[in-house]
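Chemist: just to be clear, the model below is a prediction. Sequence and coordinates:
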Amino acid sequence: MADFQATVNYQPGVAIEGDFASANPRQTTLAGDSELVAGSSGVIVGRFGWITSGAVDNTGSGAPDTFISRTSNVAMIDTFLSAYSMTVPTGSPVTGHSAGDFWVKNGAASANTVGEKVFAMTADGTCQFGAAGGSVSGGVETSFYAHTVGGAGELVKISTTPTPLA
């Protein structure tokens, strides 16, 4: 089990993808009681999601319908001998957000800059960054902006509020 914990840090990490990045107001995606559930492959927390008939998936076309935060969504370790999971199992309730401040993992091969737009990758809901009105291969522009800088695979704060530098 290569993923088994082997060290303990003195300080906890700053966040985990999908965490709220502030206490500012946030908006959940409007749905009725128990109307949003994880789709047939489950849904991964900290990524964008597309809603089809109440099922939320990390794949889709066009602008994503929601962002899957870590709060209120219960990811389960359901793969035998796995050390962790960010996947909400199929059919489990999902809370999505259409506005707010969140931590995401930079899925690009290079660092982003503050003020860039967030692009949701239609194949898996991960985030990459680019110029407003521009394009990112395989991605669609969202209403979110980058508020901090992060290299490839690092955490970045995103928000639906434009940055002062944008």
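Modeler: That came in fine, so what should we check first? Every value quoted in this text rests on a predicted model; they were computed, and no experiment measured them.

Chemist: pLDDT below threshold where in this protein?
Modeler: Within the chain, the segments meeting pLDDT under 70 span 1-2, 72-84, 165-166.

Chemist: the same query, at a cut-off of 90, please.
Modeler: Where the chain drops to pLDDT under 90, the residues are 1-9, 12-14, 30-35, 70-86, 163-166.

Chemist: ok, then the element right after the strand ranked longest in it?
Modeler: When the chain is scanned for its longest strand (criterion: DSSP state E), the result is strand 139-146. Heading C-terminal from strand 139-146, the first helix or strand you meet, by DSSP states H and E, is strand 155-159.

Chemist: does anything pack onto that following strand? Which helices or strands?
Modeler: strand 101-105, strand 127-130, strand 139-146 (3 or more C-beta pairs under 8 Å, 6 or more residues apart in numbering; DSSP states H and E). Glycine gets a C-beta too; all of them are placed from N, C-alpha and C.

Chemist: tabulate those strands (a markdown table), appending mean neighbour count and distance to Thr87.
Modeler: As requested, these are exported to a markdown table (neighbours: other C-beta atoms under 10 Å; distance: least, C-beta to C-beta, whole Å):
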| stretch | mean neighbour count | distance to Thr87 |
| --- | --- | --- |
| strand 101-105 | 23 | 15 |
| strand 127-130 | 24 | 17 |
| strand 139-146 | 20 | 21 |
